[in-house]
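Engineer: Sharing a sequence plus its predicted fold:
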Amino acid sequence: MPLPPAPAKRAALLAPEAYDAPARTPPRAARKPEARADHPSQAEQPRAVALDLLDDRTGGAPDAAAQTTALLDDLQSRCAAREPATPRHKGPMAPVAQAAPRPKRKSSGPAKLFVLDTNVLMHDPMSLFRFEEHDIFLPMIVLEELDGHKKGMTEVARNARQASRTLDALAGAQGADIASGLRLDTTGHREAGGKLFFQTQALVSTLPSSLPQGKADNQILGVVDALRQQHAPRTEGGGVHPTGREVVLVSKDINMRVKARALGLATDDYQNDKTLEDGDLLYSGAMALPPDFWARHGKTIESWQSGSHTFYRISGPVVPNLLINQFVYFEAPGEPSLYARVTEIRAKTAVLKTLKDFGHLKNAVWGVTTRNREQNFAMNLLMDPEVDFVTLTGTAGTGKTLMALASGLTQVLDDRRYTEIIMTRATVSVGEDIGFLPGTEEEKMGPWMGALDDNLEFLAKGDGGGAGEWGRAATNELIRSRIKIKSMNFMRGRTFMNKYVIIDEAQNLTPKQMKTLITRAGPGTKIICMGNLAQIDTPYLTEGSSGLTFAVDKFKGWPHSGHITLARGERSRLADFASEVL
């Protein structure tokens, strides 16, 4: 629809009634056309003000007024078509006087009272603001435990200090009253609509005498039991007292939750740190097209050639399920196969770009060719200069480290796209720690980089050809000079420019550590995160709360990132069989 013409002269002074005109039409605020006839004066008033303003600016041009009238009619008809049966506003176009606050999600029942264990605050200091409209209760023993864990430079000590500072800010806010509860939204966290209560008096519980009262966990259980009795629905005059509400203990300690359930207390784990409930729901990066894809979309597909790649513009029900840089493939007997990557999504259409076949010997990367479909997808991401962040997941032996190193050496030594390769990993041991390691930072990281040495030996052997012993030694020395091994402990404050960064065993990182590493990237830097979510060695980390899962979920759909889950192991038949049956 054509827009109104630009004003021909400088605007005159606004009339007094023009100050009440709406700045913009609120979304989905119009009523149905038939409901507008009940109040014609209210329906036409904003439109008349808008037309008066337009006439003042354009010299009263009738064409502009007619176009604006048609534009407003079209907008109201579209809003009415999308509006539900029950309108949310009294008038058809209610003016927006001020920004409306963000609506809070409300539960179906009354607000609950959550009693937090100490380990929840030490795990996530911001957990106080993650319970929406519900209230939070902190026993006095929790504050004692926070005070006991605040000393030191560990992650737990830092979180304990942060939690204490947050509690101090809430208690020191203007108008705060501990007796009636501290409002959780006073420090700027508008998503928290409940209150924070401290234990200000002794509570009498009816726990079994076999539980020793000197232990902190049992004291917290006693507080939960006393609160449950205090907030239980009580019958008054044959009815139920309306003030009763559920009291729930939130703890990261499994044994604590087991004891609470044995005592008949409601308890739950802290779920906010989990990106996914089920690891099978993790974004895989690839999607198989339906078997009738060509039959249903063949007549409407547009295709064109650009260089060595073919582009397809598709539409239909499959488009809403696609993401940028997601791989799609079509394999069916007797039909032409398609392996492509989504490069553009606009409205109901998507553009697919065919891939480069790195499985062919002529496209080998540092002597390495891909052996299956997912490896080819991964190599297309690793060799694309427009993709700044790549995540690779898969079981042991799927080729994650080998492909990342091969593509890195090619782009550092041959293409000169990056200056050097920086490799790091989480130093979490599988078994018992063997103690301190001697030497410099790189020498200390040497025992953790066995995967790097194994893959470099394979790559140097394949690249040396018939150069003899001296040639292989020179190649190894050249490769080693372009690879730096760094420890994660000293990454804070660094900036990597034009570097190819490989983060190995990323499944052992927390989301906070993952954020610290990814934000080190400067101009021209590419980061590769890879790991096996089935081999998490860090305590208290699961598939759902791992930093690798966090990064895959948050970066999906970003035009400069990509992810692939490698499905088949190519190390050996023994390793492949062991990963399936053991």
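Structural biologist: Structure's in. What do you need?
Engineer: ok, and what's touching the helix or strand hosting residue 329?
Structural biologist: In the assignment (DSSP states H and E), residue 329 maps to strand 327-330. The contact list for strand 327-330 (CB atoms under 8 Å, 6 or more residues apart in numbering) reads 285-289, 293-294, 322, 336-342, 352, 355, 373, 377, 380, 564. Bear in mind the C-beta positions are built from the backbone N, C-alpha and C, glycine included.
Engineer: Helix or strand next in line after it, which one?
Structural biologist: Later in the chain than strand 327-330, the nearest helix or strand by DSSP H and E is strand 338-346.
Engineer: What mean pLDDT does that following strand get?
Structural biologist: Strand 338-346 comes out with an average pLDDT of 94.
Engineer: again, but for stretch 363-377
Structural biologist: The model assigns stretch 363-377 a mean pLDDT of 92.
Engineer: Mind listing residues that contact that stretch?
Structural biologist: In this structure, residues lying in contact with stretch 363-377 by CB under 8 Å, 6+ apart are 285-286, 327, 329, 339, 341, 355-361, 378-379, 383, 394, 398-399, 402-403, 405-407, 409-410, 459, 462-463, 564-568, 570.
Engineer: Please pick the buried ones from the residues you listed.
Structural biologist: Taking 16 or more other CB atoms under 10 Å as the criterion, what is buried in these is 285-286, 327, 329, 339, 341, 355, 358, 378-379, 383, 394, 398-399, 402-403, 405-407, 409-410, 459, 463, 564-566.
Engineer: any idea which element residue 311 lies in?
Structural biologist: Assessed by DSSP H and E, residue 311 sits inside strand 309-315.
Engineer: Neighbouring strands - and their directions - for that strand?
Structural biologist: Sheet pairing of strand 309-315 (DSSP bridges) gives strand 302-306 (antiparallel), strand 349-354 (antiparallel).
Engineer: For that strand, list every residue counted as buried.
Structural biologist: Buried residues in strand 309-315 (16+ other CB under 10 Å): 311, 312, 314.
Engineer: returning to what we had before: the strand holding residue 329 - what's its average pLDDT?
Structural biologist: Average pLDDT, strand 327-330: 94.
Engineer: I'd like to know how many residues surround residue 319.
Structural biologist: Neighbour count of residue 319, defined by other CB atoms under 10 Å: 15.
Engineer: hmm, back to that, CA atoms only for the strand holding residue 329, dumped as CSV, please.
Structural biologist: Provided in CSV are the C-alpha atoms of strand 327-330 (Å, rounded to 0.1, in the frame of the first residue of the first chain):
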residue,chain,number,x,y,z
PHE,A,327,22.0,-28.4,7.1
VAL,A,328,19.3,-30.2,5.2
TYR,A,329,19.6,-33.4,3.2
PHE,A,330,17.5,-35.5,1.0
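Engineer: Which neighbours in the sheet does that strand have, and how are they oriented?
Structural biologist: Partners of strand 327-330 in the sheet, by DSSP bridges, are strand 286-288 (parallel), strand 338-346 (antiparallel).
Engineer: ok, residues contacting the last one?
Structural biologist: Counting contacts by CB under 8 Å, 6+ apart, the residues outside strand 338-346 that touch it are 289, 311-312, 319, 322-330, 350-355, 373, 376-377, 380.
Engineer: So, low pLDDT: which residues of the stretch 1-150 of the chain?
Structural biologist: For the stretch 1-150 of the chain, the stretches with pLDDT under 70 are 1-109.
Engineer: try it again with 50
Structural biologist: Applying pLDDT under 50 to the stretch 1-150 of the chain picks out residues 1, 23-62, 64, 82-107.
Engineer: What of the stretch 201-350 of the chain?
Structural biologist: Low-confidence segments of the stretch 201-350 of the chain, defined by pLDDT under 50: 238-241.
Engineer: what are the ranges of the helices in it?
Structural biologist: For the stretch 201-350 of the chain, the helices defined by DSSP state H, counting those that start in this stretch cover 216-230, 254-262, 293-297.
Engineer: how about the shortest one: buried residues?
Structural biologist: The one in question is helix 293-297. Neighbour-count burial for helix 293-297 [16+ other CB under 10 Å]: 293, 294, 297.
Engineer: I'd like the distance between the last one and residue 333.
Structural biologist: Per CB to CB, to the nearest Å, residue 297 is found 19 Å from residue 333.
Engineer: Just grab the bridge partners of the closest residue to residue 176 other than its chain neighbours for me.
Structural biologist: Nearest residue to residue 176 in three dimensions, chain neighbours excluded: residue 182, at 5.3 Å (CB to CB, 6 or more residues apart in numbering). Beta bridges link residue 182 to residue 196 when assigned by DSSP bridges.
Engineer: Let me see the contact set for residue 182.
Structural biologist: For residue 182, the contact set (CB under 8 Å, 6+ apart) comprises 170, 171, 173, 176, 195, 196, 197.
Engineer: How many residues are close by residue 372?
Structural biologist: 16.
Engineer: Show me the helices in the stretch 51-200 of the chain, by range?
Structural biologist: Taking DSSP H, counting those that start in this stretch as the test, the helices found in the stretch 51-200 of the chain are 62-82, 118-123, 140-148, 155-171.
Engineer: in the third one, what counts as buried?
Structural biologist: Just to be clear, that refers to helix 140-148. Within helix 140-148, the residues scored as buried using 16+ other CB under 10 Å are 141, 142, 143, 145, 146.
Engineer: Report the separation between the nearest residue to residue 175 once chain neighbours are set aside and residue 125.
Structural biologist: Counting by CB to CB, 6+ apart, residue 175 lies nearest to residue 186, which is 7.9 Å off, once chain neighbours are set aside. Using CB to CB, residue 186 is found at 17 Å from residue 125.
Engineer: Same question for residue 306.
Structural biologist: Applying CB to CB to residue 306 and residue 125 gives a distance of 51 Å.
Engineer: Give me the more crowded residue out of those two.
Structural biologist: Neighbour count, other CB under 10 Å: between residue 306 and residue 125, residue 125 has more, with 19 against 8.
Engineer: need the contact list for the more buried one.
Structural biologist: Shown in contact with residue 125 (CB under 8 Å, 6+ apart): 159, 160, 162, 163, 166.
Engineer: just to revisit the earlier point, most neighbours out of the contacts of residue 182, which is it?
Structural biologist: residue 196 (24 neighbours).
Engineer: my guess is that one meets residue 131, correct?
Structural biologist: No: using CB atoms under 8 Å, residue 196 is not in contact with residue 131, being 10.0 Å away.
Engineer: burial of residue 538, as a residue count?
Structural biologist: Residue 538 has 17 nearby residues by other CB under 10 Å.
Engineer: and it, what does it touch?
Structural biologist: Counting by CB under 8 Å, 6+ apart, residue 538 touches 426, 428, 508, 509, 510.
Engineer: re the thing from before, show me the contacts of stretch 363-377 that map onto strands.
Structural biologist: 286, 327, 329, 339, 341, 394, 564, 565, 566 (DSSP state E).
Engineer: Kindly state the beta-bridge partners for the third one.
Structural biologist: I take that to be residue 329. Assigned bridge partners for residue 329, using DSSP bridges, are residue 288, residue 339.
Engineer: how far away is it from residue 287?
Structural biologist: Note on residue 329: its distance to residue 287, by CB to CB, is 8 Å.
Engineer: how many other residues sit next to residue 397?
Structural biologist: 19.
Engineer: again, but for residue 490
Structural biologist: Neighbour count for residue 490, taken as other CB under 10 Å: 10.
Engineer: With residue 321 instead?
Structural biologist: Applying other CB under 10 Å, we find 10 residues neighbouring residue 321.
Engineer: Perfect, that will be all.
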